[in-house]
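below is the sequence, then the predicted model.
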Amino acid sequence: MNHQRRLLLLGSAGAVVTASIGTSALAAQGKAGADVDVHIELHALPDQVSIRSGKPTQVWRYRSKLLRGEPHTLEASAGGYLGPIIRVRRGQRIRIDLINGLPESTIIHWHGLHVPEEMDGHPRFAIAPGARYVYEFKVDNRAGSYWFHPHPHGRTGKQVYAGLAGLFLVSDDEEAALNLPSGAQDLPLVIQDRNFDADNQFVYLGGGKDAPSQRRGMMGGGMMSGGMMGGGGMGSMMAGMMGVLGDQVLVNGSIPRQREVERRAHRLRLLNASNTRTLKLAWSDQTPLTVIGSDGGLLAAPLQRDYVMLAPAERVELWVNFSRWAGAAEPTLRSLAFEGGIAMGSMMGGGGSLSDGAAFDVLRFKVSDGKGRDESPPARLSTIAKAEPLMAVNYAHPKVFELTMGMMVWGINGESFDMLGASELETVKLGTNEIWEFRNEGRGSMMGMVMPHSMHVHGLQFRVLTRSVSRKFSDEYDSVKAGFVDDGWKDTVLVMPGERVRVLLRFADFAGLFLYHCHMLEHEDTGLMRNYRVEA
Ligand code: C2O
Ligand code: CU
């Protein structure tokens, strides 16, 4: 495979900095290359949107422009602040220009996509205000629901919270042959939580004055007010580390209003784009969920779950025939209560109204009148080879990555983020498979505190091999364990307190420096992120 790599940076002063790796010529500056199928401009910029009644909310968002491609390639987010939905086909050549209209540096990561290192949005590629970053890559992933979001070091949580995120949906021939529900019956649902102040502004942790709606001293999660850590300083730092939980659930960047649906089959693409909150999703009347896809696309066959755990950055695709609900029934997607969530709410005695693991409604549906359609999901969805641990070069000795906590900083095996560094353990050979074990046993943590983590590996899709939990946590674990969707291809995996999760990774096609980290963004920003290096 000859992957052409292009990198074009426009400095804020207009100076053009280029780095060209491989044999390709540099794409003409600012013009769509004749050799791409899709060319999009994404402007990251401050804006305001009307989310609650009254004052508009200051946000940061992606505004998009389609310079080349079929019109359906871009679907503007309806009403909310989210970026556009980008729809592409496997095999297409994509060019996307990120133009930084923010008052601070940023970069975009294509979450779940298999792309060369310069295209992956590592924080070392962050661009200054006014600068442009040109992405150009071939879509090499299976059909599935991927997404994109900022990734500057230390500020990913803040920038995503301010509104920067969007979906990147890939289709392919295998998927098309299934005739899954499409058009108005294909519903992307991006779930997030936010805190608003009395002026309708987002409330995030303390920080720069230029960020929208940052209120020094206001605690993230609303969970600390009145708690022992309340009042900024230490409290702010603690909350900054533990995570940010919002009282208000948003769907597709808006307050969820009841959604009208036809009495027929639908495909629901769920993304948990919350900064820290984990969801336990279920139908409120206990109808089982029919799961057809996860992070890396369709499963081999539909499976039934009473509920599904969805950690930050994970996706799950549901198939649902609304004709199963009779008359005036209003099926509601809920997040159920569970244990073992971020322990802070209770630990700090905070007054937050919606702690991690608390139950709440996500979205209520209203099913149209009329006769239902008798539709059921395809019995077979895709071919997924059996995960074969014996293929791993370290089959006998899985690498262990312990999620650790030190003095006010997270780490992996005791090490925090190092922009250009990767240890020997974190170095792998191009073209090989390895088994990694993520261990979440609270090593180094104060007061034995252990919280869930959502482990994401850049640049590839992996397979989940095994999970085990220490007996100490088995009671809490009982409230979540039936909800993992470990089948199919994954790029993010929930690792609950006390758990050891083994995954099988293949390092194919691209050498270079990539990230792996917790996708609870405040954990990522405060050290729970490391590089791994793929050596040719
Ligand atoms: Cu979606 Cu490194 O993240
Ligand atoms: Cu974490």
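Received the coordinates, thanks. What you see is a predicted model, and the numbers here were worked out from it, not measured in a lab. Ligands and ions are numbered 1, 2, ... in the order given.

CA only for contacts and neighbour counts going forward, please
Noted.

give me the phi and psi for the residue in the stretch 51-200 of the chain that ligand 2 sits nearest to.
Relative to ligand 2, the nearest point of the stretch 51-200 of the chain is residue 157 (12.0 Å; CA to the ion). Main-chain dihedrals, residue 157, degrees, to the nearest 10: phi -60, psi -50.

let's have the chain start at 699 instead
Sure thing, new numbering starts at 699, so read that last one as residue 855.

ramachandran coordinates for the nearest residue to it once chain neighbours are set aside?
Take residue 855 and drop its neighbours on the chain: the residue closest to it by CA to CA, 6 or more residues apart in numbering is residue 1219, 4.7 Å away. Backbone dihedrals for residue 1219, given as degrees, to the nearest 10, come out at phi -60, psi -30.

residue 1219 reaches residue 854, doesn't it?
Yes. With contact defined as CA atoms under 8 Å, residue 1219 reaches residue 854; the gap is 6.5 Å.

which one's more surrounded, these two?
Ranked by neighbour count (other CA atoms under 10 Å), residue 1219 and residue 854 place residue 1219 first, with 32 against 24.

quick one: the strands in the stretch 949-1098 of the chain?
Here the stretch 949-1098 of the chain has its strands, by DSSP state E, counting those that start in this stretch, at 957-959, 963-970, 977-981, 987-992, 995-1003, 1006-1008, 1013-1019, 1030-1033, 1058-1065, 1097-1104.

ok, the last one: who's next to it in the sheet?
Pointing back at strand 1097-1104 there. strand 1107-1110 (antiparallel), strand 1131-1137 (parallel) (DSSP bridges).

try the longest one
Based on DSSP bridges, the strands next to strand 995-1003 in the sheet, each with its direction, are strand 987-992 (antiparallel).

check the second one too.
Its sheet considered, strand 963-970 pairs with strand 884-892 (parallel), strand 1013-1019 (antiparallel) by DSSP bridges.

pick the most buried one from these.
Stretch with highest mean neighbour count among the strands paired with strand 963-970: strand 1013-1019 (a mean of 24; mean count of other CA atoms under 10 Å).

what pLDDT, on average, does it get?
Strand 1013-1019 comes out with an average pLDDT of 98.

restrict it to CA atoms and write it as PDB.
Provided in PDB are the C-alpha atoms of strand 1013-1019 (Å, rounded to 0.1, in the frame of the first residue of the first chain):
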ATOM      1  CA  ARG A1013     -20.600   3.900  20.100                       C
ATOM      2  CA  VAL A1014     -23.300   1.400  19.800                       C
ATOM      3  CA  GLU A1015     -25.800   0.900  17.000                       C
ATOM      4  CA  LEU A1016     -29.300  -0.200  17.800                       C
ATOM      5  CA  TRP A1017     -32.000  -1.700  15.500                       C
ATOM      6  CA  VAL A1018     -35.500  -0.900  16.700                       C
ATOM      7  CA  ASN A1019     -38.900  -1.500  15.100                       C
END
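
what sits against the nearest residue to residue 815 once chain neighbours are set aside?
What sits nearest to residue 815 in space, not counting adjacent residues and going by CA to CA, 6+ apart, is residue 1210, at 5.8 Å. Counting by CA atoms under 8 Å, 6 or more residues apart in numbering, residue 1210 touches 814-815, 1231-1233.

if I look at the spatially most central residue of the chain, how far off is ligand 2?
Residue closest to the average C-alpha location in the chain (CA atoms, centre = their mean): residue 1011, at 2.3 Å. Residue 1011 sits 12 Å away from ligand 2, taking CA to the ion, to the nearest Å as the criterion.

verify the stated contact: that residue with residue 968.
No. When contacts are counted by CA under 8 Å, residue 1011 is not listed as touching residue 968 (10.0 Å).

redo the strands paired with strand 1097-1104 as CSV? Include mean neighbour count, mean pLDDT and distance to ligand 2.
Putting the strands paired with strand 1097-1104 into CSV (neighbours: other CA atoms under 10 Å; pLDDT from 0 to 100; distance: least, CA to the ion, whole Å) gives the following:
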stretch, mean neighbour count, mean pLDDT, distance to ligand 2
strand 1107-1110, 24, 92, 8
strand 1131-1137, 23, 98, 12
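
can you redo these as CSV with distance to residue 1200?
Formatted as CSV, the strands paired with strand 1097-1104 follow (distance: least, CA to CA, whole Å):
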stretch, distance to residue 1200
strand 1107-1110, 15
strand 1131-1137, 4
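
who wins for proximity to residue 939 among the ones you listed?
strand 1107-1110 (7.3 Å; CA to CA).

who in the chain is up against ligand 2?
1151, 1216, 1218, 1221 (CA under 5 Å from the ion).

between those, which is nearest residue 1097?
residue 1216 (17.1 Å).

what's the closest of the strands paired with strand 1097-1104 to residue 1203?
With CA to CA, the closest approach to residue 1203 among these belongs to strand 1131-1137: 5.4 Å.

now what about the closest one, what contacts it?
1087, 1089-1093, 1096-1101, 1153, 1193, 1196-1205.

just the buried members of those?
Neighbour-count burial (16 or more other CA atoms under 10 Å) applied to these gives 1087, 1090, 1093, 1096-1101, 1153, 1193, 1196-1205.

quick one, what contacts residue 1190?
For residue 1190, counting by CA under 8 Å, 6+ apart, the contacting residues are 993, 1011-1012, 1152-1155, 1217.
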